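Trainee: quick one, fold the following:
(chains A, B, C and D)
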Number of protein chains: 2
Amino acid sequence: MVTITDISRRCNVSRATVSKALNGHSDINAETAAHIRQVAKEMGYLPNATARALKLGRSHNIGVLFVDKTSSGLGHEYFSQILESVKQEAERSGYDITFISRDIGTLHMDYYEHAKYRNCDGVIVASVDFTDPDVIKLVNSDIPTVTLDYVFDSHSAVLSDNVSGMADLVRFVYGRGHRKIAFIHGEPTSVTQKRLASFHKTCGELGISIPEEYVEAATFHDPKASGLATRRLLALKERPTCILYPDDFSFIGGMNELEKQGVSIPKDMSVAGYDGILLSQVLRPRLTTYRQDAEAMGREAARQLLEIIERPKEWIPQQIMIPGRLLEGDTVRDIRQGF
Amino acid sequence: MVTITDISRRCNVSRATVSKALNGHSDINAETAAHIRQVAKEMGYLPNATARALKLGRSHNIGVLFVDKTSSGLGHEYFSQILESVKQEAERSGYDITFISRDIGTLHMDYYEHAKYRNCDGVIVASVDFTDPDVIKLVNSDIPTVTLDYVFDSHSAVLSDNVSGMADLVRFVYGRGHRKIAFIHGEPTSVTQKRLASFHKTCGELGISIPEEYVEAATFHDPKASGLATRRLLALKERPTCILYPDDFSFIGGMNELEKQGVSIPKDMSVAGYDGILLSQVLRPRLTTYRQDAEAMGREAARQLLEIIERPKEWIPQQIMIPGRLLEGDTVRDIRQGF
DNA sequence: TTTCCGAACGTAATCGATTTCGATACTTGT
DNA sequence: ACAAGTATCGAAATCGATTACGTTCGGAAA
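Mentor: The predicted model follows:
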């Protein structure tokens, strides 16, 4: 490996001079600097990130924390898109990414310790149980963090706009004449709370009242749970005309149940999902859904984090709301009079 | 941050002694060592991975290289499952994961340089263009690598068994009476070559001859391409009775085309996919497909790499074949006489 | 008593890069 | 010609941990 010392010997200058030349300091003669850079290139010099990190106390490495109950881990499409986007944005600024977990090798440690051990300059926290003491410890530590879809007091966060998302969906199906709207929601997280609140608020504003039985509990990313919820809705004396699912993947479970009972989409039942995953765009009929802009979320999360890291003075905690977009699809039938 | 120096001061011993005590060297008195460990725990000492890496020349960090033409990046389900598995296995041995890419920040570098820059102890190379000079440079470098689904001479690799996979599929549909079997394949990679060869070989063994028009070219992970290929197959005078798709996701495109033309699965046309992604298990009818064991592939790749890293003497390059499993599903109709 | 040996611990170099504080030589002003 | 300023470069400390080698000391062997 070519080090700064090798170059210094070859150029008959000190290591200090080489370092300064390579980093563009002003107290080095222009010709000298040019020569050093030239030699460095010829010798195939690569800076050693480890040595740099040790000296500067900055690793140019950001951690990503993601835990999924279903332990599908990175298989989660919404998250893996966010991750990809975080990665790209981070790399643009010279940062690499490391996953944060508990228990690395024989060392038992919590998230904070792992991040500290790896000298992460910051951590992006996504899709975890935000009540987990280890997560809370990390967020409240000296390590800068940005959370996704959850806000900690006076910390930065990037949020998918669940309130408008749900409102848009409800207004859309309302616009197509639906009044008996059912909502199958995910487990009680802050995301669910927001969607649920927005669902009720919007229905109220539109002057429609939703019977209790139309609101069903299921689980995110779980076709089985939503299939069962769908079955319960279909068993009601007064069936809804439209069902909103917790996410696109869960919708598959509903779809199967509807098909099994001979209920056709959208002729006999209108449906909508949430997320706008790739699948929803290629399945026929195209699913009506609310597309969360995972790409923007990852990008903004990374940018926020880099701001905190590189300009800690000027930084103030912000919550950034990322708008999504309604994808109309073909699964919500227009049932207004005359259609 | 608590360093080894802090502990040494608190214990009135040298830093060397602390280091040795913490690492269980034998030339430290048992009581002294116990005391030091005790104090270290009390002070909340965490080793500094960076300093260790610098001194030892080992980062306990492995790189993952993955490039997707469709640039869906990590959104690729098959790969993200492999990644998750690699991550888990690596973490069990105390290794973290870093993504390798070109161009980190303003530094323009190739894969090898990036891996070197980050002091990766090894790299897992997956799903890239293996003819890319930068990839070849990395694989032939001093950095240990394990490739996935591709073999470089005298290098370790982990391979999904595409030959038996395809053979199993063909024999399965043959067993259900199909003789007119069409195969839509992906772009010309080594994986495609193997599947194609196995397809023809198996058909030969079974004594059925496949007209040229039954073999269609499309693209992996691309519903549109496979939809078009499907259309071409349906336009033939003599339609096949069964279509094999390059992967489950591509199958969606075929499914839509079939539905559009009023061709029912599996009544009028039998189909099979490849991969066994989550979706194929929840869609109805359940897709007949060959499940690649992504979890095993990631695990074995990580194990291989760690072997090379930790026991370079005893290591010999191997190619590990990971068997998959046929998922029968409900999309291949039995068309034998009397059924 | 002298010598030798092993247990236990310390000294100091080292990994590669950065940076503070000088140091030197050369200019410029007066 | 002398003081002051400037441009350019180097010496050495530093980041945190590891380790080869040296030192000390008590006890056993001669």
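Trainee: and A:E238, how many residues sit next to it?
Mentor: Number of residues near A:E238 (other C-beta atoms under 10 Å in any protein chain shown) recorded here: 9. In short, each C-beta sits where N, CA and C put it, glycine included.
Trainee: for the one 3 residues further on, same thing?
Mentor: Using other C-beta under 10 Å, A:T241 has 20 other residues around it.
Trainee: pretty sure it contacts A:I181?
Mentor: Yes. The pair A:T241 / A:I181 is scored as a contact, 7.5 Å apart, by C-beta atoms under 8 Å.
Trainee: quick check: residues of chain A near DNA strand D?
Mentor: With the criterion set to C-beta under 7 Å from any atom of the strand, chain A comes near DNA strand D through A:12-17, A:27-30, A:32-33, A:51, A:54-55, A:57.
Trainee: ok, and the closest non-adjacent residue to the spatially most central residue of chain A?
Mentor: Ranked by distance to the mean C-alpha position of chain A (C-alpha atoms, centre = their mean), the top residue is A:I82 at 4.4 Å. Leaving aside its sequence neighbours, A:I82 sits nearest to A:G298 (C-beta to C-beta, 6 or more residues apart in numbering or on different chains; 4.1 Å).
Trainee: quick one: residues contacting the one you found.
Mentor: Each residue near A:G298 by C-beta atoms under 8 Å, 6 or more residues apart in numbering or on different chains is listed here: A:81-89.
Trainee: how about the helix or strand hosting it: buried residues?
Mentor: Secondary structure assigned from DSSP states H and E places A:G298 in helix A:294-310. By 16 or more other C-beta atoms under 10 Å in any protein chain shown, the buried positions in helix A:294-310 come out as A:294-309.
Trainee: is it anywhere near DNA strand C?
Mentor: No. Counting by C-beta under 7 Å from any atom of the strand, DNA strand C has no neighbours in helix A:294-310; the shortest distance is 13.6 Å.
Trainee: hey, C-alpha coordinates of that helix in CSV?
Mentor: Listed in CSV are the C-alpha atoms of helix A:294-310, where the atom choice follows Å, rounded to 0.1, in the frame of the first residue of the first chain:
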residue,chain,number,x,y,z
ALA,A,294,-39.4,6.7,-0.5
GLU,A,295,-36.7,8.1,-2.7
ALA,A,296,-37.3,11.6,-1.4
MET,A,297,-37.5,10.4,2.2
GLY,A,298,-34.1,8.7,2.0
ARG,A,299,-32.6,11.7,0.3
GLU,A,300,-33.9,14.2,2.8
ALA,A,301,-33.0,12.1,5.7
ALA,A,302,-29.4,11.8,4.5
ARG,A,303,-29.3,15.5,3.8
GLN,A,304,-30.6,16.4,7.2
LEU,A,305,-28.1,14.1,8.9
LEU,A,306,-25.2,15.5,6.9
GLU,A,307,-26.3,19.0,7.8
ILE,A,308,-26.1,18.1,11.5
ILE,A,309,-22.8,16.5,11.1
GLU,A,310,-21.1,19.1,9.0
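Trainee: mind checking how far the next helix-or-strand element following it is from the chain centre?
Mentor: Following the chain from helix A:294-310 toward its C-terminal end, the next helix or strand by DSSP H and E is strand A:319-322. Taking C-alpha atoms, centre = their mean, to the nearest Å, one finds strand A:319-322 lying 12 Å from the centre of the chain it belongs to.
Trainee: what packs against strand A:319-322?
Mentor: In this structure, strand A:319-322 makes packing contacts with strand A:156-160, helix A:294-310, judged by 3 or more C-beta pairs under 8 Å, 6 or more residues apart in numbering or on different chains; DSSP states H and E.
Trainee: neighbouring contacts of the shortest one?
Mentor: If you take C-beta under 8 Å, 6+ apart as the criterion, strand A:156-160 is touched by A:145-151, A:191, A:292-293, A:297, A:300-301, A:304-305, A:308, A:317-322, A:324.
Trainee: buried ones in whatever helix or strand comes next after that strand?
Mentor: Towards the C-terminus, the helix or strand next in line after strand A:156-160, according to DSSP H and E, is helix A:162-175. Neighbour counts over helix A:162-175 (16+ other C-beta under 10 Å) mark A:162-174 as buried.
Trainee: let's test this: mean pLDDT of helix A:162-175, rounded?
Mentor: Computed over helix A:162-175, the mean pLDDT rounds to 97.
Trainee: contact partners of that helix?
Mentor: Defining contact as C-beta under 8 Å, 6+ apart, one finds that helix A:162-175 is touched by A:149, A:181, A:191, A:194-195, A:197-199, A:201-203, A:206, A:208, A:242, A:244, A:270, A:272, A:274, A:288, A:290, A:292, A:323-324, A:326, A:328, A:332.
Trainee: those residues in helices, which ones?
Mentor: Among the contacts of helix A:162-175, the members falling in helices are A:191, A:194-195, A:197-199, A:201-203 (criterion: DSSP state H).
Trainee: any chance of the residues you listed in TSV, plus neighbour count?
Mentor: Compiled in TSV, the ones in helices among the contacts of helix A:162-175 are given as follows (neighbours: other C-beta atoms under 10 Å in any protein chain shown):
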residue	neighbour count
A:V191	20
A:K194	18
A:R195	24
A:A197	13
A:S198	20
A:F199	22
A:K201	14
A:T202	20
A:C203	20
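Trainee: pick the one among the residues you listed closest to B:K41.
Mentor: The shortest approach to B:K41 among those belongs to A:V191, at 38.5 Å (C-beta to C-beta).
Trainee: for the closest residue to DNA strand D within the stretch 201-339 of chain A, give its distance to DNA strand C.
Mentor: Sorted by distance to DNA strand D under C-beta to the nearest atom of the strand, the residues of the stretch 201-339 of chain A start with A:I309, at 17.9 Å. Distance, A:I309 to DNA strand C, by C-beta to the nearest atom of the strand, to the nearest Å: 15 Å.
Trainee: and what of A:A30?
Mentor: According to C-beta to the nearest atom of the strand, A:A30 stands 16 Å off from DNA strand C.
Trainee: can you tell me how far that residue is from A:G207?
Mentor: Shown here: A:A30 relative to A:G207, a distance of 75 Å by C-beta to C-beta, to the nearest Å.
Trainee: go on, A:I36?
Mentor: Distance from A:I36 to A:G207, by C-beta to C-beta: 75 Å.
Trainee: try A:K194
Mentor: As judged by C-beta to C-beta, A:K194 and A:G207 stand 22 Å apart.
Trainee: cool, and A:P223?
Mentor: When distances are taken as C-beta to C-beta, A:P223 and A:G207 turn out to be 33 Å apart.
Trainee: pLDDT wise, what is the closest residue in space to A:R58 that isn't next to it in sequence at?
Mentor: If you skip the residues right next to it in sequence, A:R58 has A:D121 as its closest partner in space, 5.6 Å away by C-beta to C-beta, 6+ apart. With respect to pLDDT, A:D121 has a value of 97.
Trainee: now for A:D121: which residues touch it?
Mentor: With contact set as C-beta under 8 Å, 6+ apart, A:D121 has these partners: A:58-62, A:95, A:144, A:309.
Trainee: if we can go back for a sec, looks to me like the residue nearest to the centre of chain A is in a helix.
Mentor: Yes. Assigned with DSSP: H, G, I helix; E, B strand; the rest coil, A:I82 falls within a helix.
Trainee: my read: it touches A:D293, true?
Mentor: No. Under the criterion of C-beta under 8 Å, A:I82 makes no contact with A:D293, lying 9.8 Å away.
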